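Need a 3D model of the sequence below.
(chains A, B, C and D)
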2 protein chains.
Amino acid sequence: MAADKAQKRRIFVNDENCPIRNVVSHIGDKWSLLILFSLVDGADRFNSIKARVEGISQRMLTQTLRDLERDGYVNRTVYPEVPVKVVYELTDLGRGLAKPAWGLVSWANQHLEQVKNARAQYDQESES
Amino acid sequence: MAADKAQKRRIFVNDENCPIRNVVSHIGDKWSLLILFSLVDGADRFNSIKARVEGISQRMLTQTLRDLERDGYVNRTVYPEVPVKVVYELTDLGRGLAKPAWGLVSWANQHLEQVKNARAQYDQESES
DNA sequence: TTAACTTAGTATACATTAGTAACTAACACT
DNA sequence: AGTGTTAGTTACTAATGTATACTAAGTTAA
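Next comes the predicted model:
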């Protein structure tokens, strides 16, 4: 009955309406945010994105773009020229997502040193 | 030479100072944010976190807590009672991270329906 | 005319990471 | 001696990511 300790929430992960499971964990993969930010500057073509997002393989770029398209963040337009041209651009939803995502990245940028220091200290202490 | 089209950034993923690689992708895994939010309410013990974060296994809880501790987001304190008691709590850095992370989650919460609709439409259209 | 080049992908095999189920250590209680 | 507790670890399997080679549908060059 003592109310001096706040009731702690349960966190329902398997709820099909869990936003972390449905949205955050999707864009938390290795490449989604990088591609999203690469399109904030404007629409771009497959190979141009590939050149700008350093280290991504064709397979992962294709796959991640498909996932972003499926979730409604990205539009895919095919121009049946020769050779074929495929242009990707952010939707309104994608631009909306980019804002809070950028908030997180900019926090990360400001606190990168602290995190790296913590990590180095932890690693040093755990050496036997 | 034409400056009517903005120069597009390259995105250097393999840069060891890339905040997305160093911070965002670490907390973008399946459990980190869930554990982080479960500790926003206050310090908690291993098994209590496990009970609150639905579906997490002991191994993943241990591993994720270690990663969060290593990056400086979480403090781990062992009380050598019997049975042993281990309490985890957020550091200032962890509480700082929780804010922009919460911004992202709350965007996700508000736009969950749009994402789910986009997904359903995409899946329907791609049925042959 | 056939060989080389382009873009936007697939296919295959392999490596890495995440996740599960069962087990352990160090006691305390009965 | 046997059971229960907490906080893990170990060994295994499933999912995700990577590297490399290959394809389609043309255009241009030799």
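
residues in contact with the most centrally placed residue in chain A?
For chain A, the residue sitting closest to the mean C-alpha position, by CA atoms, centre = their mean, is residue A:33 at 2.8 Å. Residue A:33 makes contact with A:27, A:101, A:105, B:20, B:24, B:28, according to CB atoms under 8 Å, 6 or more residues apart in numbering or on different chains. For the C-beta atoms, the positions are set from N, CA and C on the backbone; glycine is no exception.

how many neighbours does the first one have?
When neighbours are counted by other CB atoms under 10 Å in any protein chain shown, residue A:27 registers 22.

which residue sits closest to it in space, ignoring its chain neighbours?
Closest residue to residue A:27 apart from its sequence neighbours, by CB to CB, 6 or more residues apart in numbering or on different chains: residue A:33 at 5.9 Å.

So that neighbour lies in a strand, does it not?
No - Residue A:33 is assigned helix when assessed by DSSP: H, G, I helix; E, B strand; the rest coil, not a strand.

quick revisit: who wins for most neighbours among the contacts of residue A:33?
The most crowded member of those is residue A:101, carrying 25 neighbours; neighbours defined as other CB under 10 Å.

State the distance from that residue to chain B.
Residue A:101 sits 6 Å away from chain B, going by CB to the nearest CB, to the nearest Å.

between the strand or helix carrying that residue and helix B:92-125, how many degrees?
Following DSSP states H and E, one finds residue A:101 within helix A:92-125. With axes from the mean of the first three to the mean of the last three CA atoms, to 10 degrees as the basis, helix A:92-125 and helix B:92-125 are set at 140 degrees to each other.

Against which helices or strands is helix A:92-125 packed?
Secondary-structure packing of helix A:92-125 (3 or more CB pairs under 8 Å, 6 or more residues apart in numbering or on different chains; DSSP states H and E): helix A:32-40, helix B:19, helix B:58-70, helix B:92-125.

Packed most tightly, which of these would that be?
Highest mean neighbour count of these: helix A:32-40, a mean of 22 (counted as mean count of other CB atoms under 10 Å in any protein chain shown).

In chain A, where is pLDDT below threshold?
Where chain A drops to pLDDT under 70, the residues are A:1-7, A:10-15, A:127-128.

of all the residues in it, which ones are close to DNA strand D?
Neighbours of DNA strand D within chain A, by CB under 7 Å from any atom of the strand: A:29-31, A:55-60, A:63, A:82-83.

out of these, who's near DNA strand C?
Filtering the residues of chain A next to DNA strand D for neighbours of DNA strand C using CB under 7 Å from any atom of the strand leaves A:58-59, A:83.

ok, of those residues, which one's closest to residue B:46?
Nearest to residue B:46 among these: residue A:59, at 38.9 Å, using CB to CB.

Tell me the spacing between that closest one and chain B.
Taking CB to the nearest CB, one finds residue A:59 at 16 Å from chain B.

if I pick that residue, what's in contact with it?
So residue A:59 contacts nothing (CB under 8 Å, 6+ apart).

Show me which of the ones next to DNA strand C among the residues of chain A next to DNA strand D is closest to residue B:69.
Minimum distance to residue B:69 across those is 34.3 Å, recorded for residue A:59 (CB to CB).

just to revisit the earlier point, out of the ones next to DNA strand C among the residues of chain A next to DNA strand D, which one sits closest to residue B:124?
The nearest member of those to residue B:124, counting by CB to CB, is residue A:59 at 25.3 Å.

Cool, thanks, talk later.
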